[in-house]
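A.B. asks: After the sequence you'll find the predicted model.
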Amino acid sequence: MPEGHTIHRAARDHHRLFAGQKLTISSPQGRFADGALLLSGRPCLAVEAFGKHLIYRFDEGDVLHIHLGLFGRIRKHKLPLAEPRGAVRVRLVGDTHAIDINGPTICQVLAPHEFISLTDRIGPDVLRADAKPNLAYARISKSKAPIGRLIMDQAVMSGIGNIYRSEILWRQSVHPETPGRAVDRQTFDRIWDDAKALLALGVKHNAIITIAGARPSKSRYRERVNIFAKDNCPTCKDAIRRFEINGRRAFVCETCQPLKL
Ligand SMILES: [Zn+2]
């Protein structure tokens with residue numbers, strides 16, 4: 001599953017490649033043939049990310065909505081066009097480059113009103129300048145659910161993926177099983193600001209880095225994170241506890257992140 005920063009990075013990249021151009025759009029695999037026909041030849045105005053949703057804006061308010069899900073992948077290549085590799089759901093061709101998207105969970109055209117209802121369902125995204133953290137805190141402060149689940153619930157707030165979850169809560173000394181309603185505003189603001197800073201760094205370097213000064217060139221992410229999949233806490237050296245939240249791996253140092261109910 002790509003974390004939120006990878007979708008923002010793709011959006012930024014595709015915006016640079018395509019904004020202001022009329023795109024030729026096709027569905028080599030065939031499953032998006034109708035949608036491709038509807039959008040092909042029309043100008044792409046902008047490419048943006050809302051959480052893990054990739055949005056290509058076209059004229060008249062129509063958008064192409066992509067969600068990669070667990071298995072989707074994006075390939076970029078320079079023109080001239082290459083043969084499609086595998087089942088390419090949608091191919092976007094601009095003046096200099098083509099983007100192929102294989103295996104997305106969602107690939108659809110949305111009319112303007114459908115796009116508004118989509119963005120209403122997505123929690124504020126820490127990487128968007130227009131995000132309203134108040135909306136996320138309003139939900140967190142009323143919830144009995146653990147903060148480790150809430151900050152990854154894309155309806156509450158978006159952007160934080162599985163590795164960032166454990167790392168941010170450790171950096172902010174918050175136990176992942178703290179109920180949302182026990183998280184005060186100051187603590188929430190620290191989580192939000194840290195997520196914003198770390199994800200922006202992730203977009204910049206195309207790598208998850210949660211240790212100050214770690215080099216993005218280190219190929220193994222384990223050398224760039226503090227506690228995710230580690231045995232011992234880098235600060236206190238105590239054992240890291242491993243558990244699951246909603247079926248995803250989570251990590252905590254119960255010495256540095258005491259549970260406050
Ligand atoms: Zn510790």
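C.D. replies: That came through, no problem. These numbers were taken from a predicted model, which means no experiment stands behind them.
A.B. asks: What confidence value was assigned to the residue of the stretch 1-150 of the chain found nearest the ion?
C.D. replies: Taking C-beta to the ion as the measure, the stretch 1-150 of the chain has Gly148 as its residue closest to the ion, at 16.4 Å. In short, each C-beta sits where N, CA and C put it, glycine included. Reported pLDDT at Gly148 in the predicted model: 98.
A.B. asks: ok, and what's touching the helix or strand containing it?
C.D. replies: When secondary structure is defined using DSSP states H and E, the element that contains Gly148 is helix 147-150. With contacts defined as C-beta atoms under 8 Å, 6 or more residues apart in numbering, helix 147-150 is touched by 139-140, 143, 156-157, 165-166, 169, 174-180, 183, 191, 245-246, 250.
A.B. asks: Mark which of those residues are buried, thanks.
C.D. replies: By neighbour count, with 16 or more other C-beta atoms under 10 Å, the contacts of helix 147-150 hold 139-140, 143, 156-157, 165-166, 169, 174-180, 183, 191, 245, 250 as buried.
A.B. asks: phi, psi of Ile66?
C.D. replies: Backbone geometry at Ile66, expressed as degrees, to the nearest 10, gives phi -120, psi 130.
A.B. asks: for Ala98, that is, sorry about that
C.D. replies: According to degrees, to the nearest 10, Ala98 has phi -130, psi 150.
A.B. asks: quick one: the helices in this protein?
C.D. replies: Counting by DSSP state H, the chain forms helices over residues 4-18, 33-39, 112-121, 133-140, 147-150, 162-171, 185-205, given from the N-terminal end onward.
A.B. asks: I'd like to know which of those is closest to Pro234.
C.D. replies: helix 162-171 (9.2 Å; C-beta to C-beta).
A.B. asks: Low-confidence ranges, the chain, go.
C.D. replies: Along the chain, the parts satisfying pLDDT under 70 run over 1-2, 4, 218-219.
A.B. asks: separation between Gly213 and the ion?
C.D. replies: Note on Gly213: its distance to the ion, by C-beta to the ion, to the nearest Å, is 19 Å.
A.B. asks: oh sorry, the question was meant for Ile211
C.D. replies: The span separating Ile211 from the ion equals 14 Å under the rule C-beta to the ion.
A.B. asks: how many neighbours does that residue have?
C.D. replies: For Ile211, the neighbour count with other C-beta atoms under 10 Å is 14.
A.B. asks: And Gly161, by the same measure?
C.D. replies: Burial of Gly161, expressed as a neighbour count using other C-beta under 10 Å, amounts to 20.
A.B. asks: With adjacent residues omitted, what lies nearest to it?
C.D. replies: Excluding its sequence neighbours, the residue lying closest to Gly161 (C-beta to C-beta, 6 or more residues apart in numbering) is Glu3, at 3.0 Å.
A.B. asks: Would you enumerate the residues in contact with that neighbour?
C.D. replies: The contact partners of Glu3, by C-beta under 8 Å, 6+ apart, come to 160-164, 202, 208.
A.B. asks: neighbours around Glu244, how many?
C.D. replies: 8.
A.B. asks: Who is it paired with across the strands?
C.D. replies: When assigned by DSSP bridges, Glu244 has beta-bridge partners Arg249.
A.B. asks: From the ion, how far out is it?
C.D. replies: To the ion, Glu244 is 20 Å away according to C-beta to the ion.
A.B. asks: Look up how far Glu177 lies from that residue.
C.D. replies: 12 Å (C-beta to C-beta, to the nearest Å).
A.B. asks: Now the residue nearest to Leu68 when sequence neighbours are not counted: phi and psi?
C.D. replies: Sequence neighbours aside, Pro104 is the residue nearest to Leu68 in space, at 5.3 Å (criterion: C-beta to C-beta, 6+ apart). Backbone torsions for Pro104, taken as degrees, to the nearest 10, come to phi -70, psi 150.
A.B. asks: who touches Pro104 in this structure?
C.D. replies: With contact taken as C-beta under 8 Å, 6+ apart, Pro104 is in contact with 66-69, 72, 89-90.
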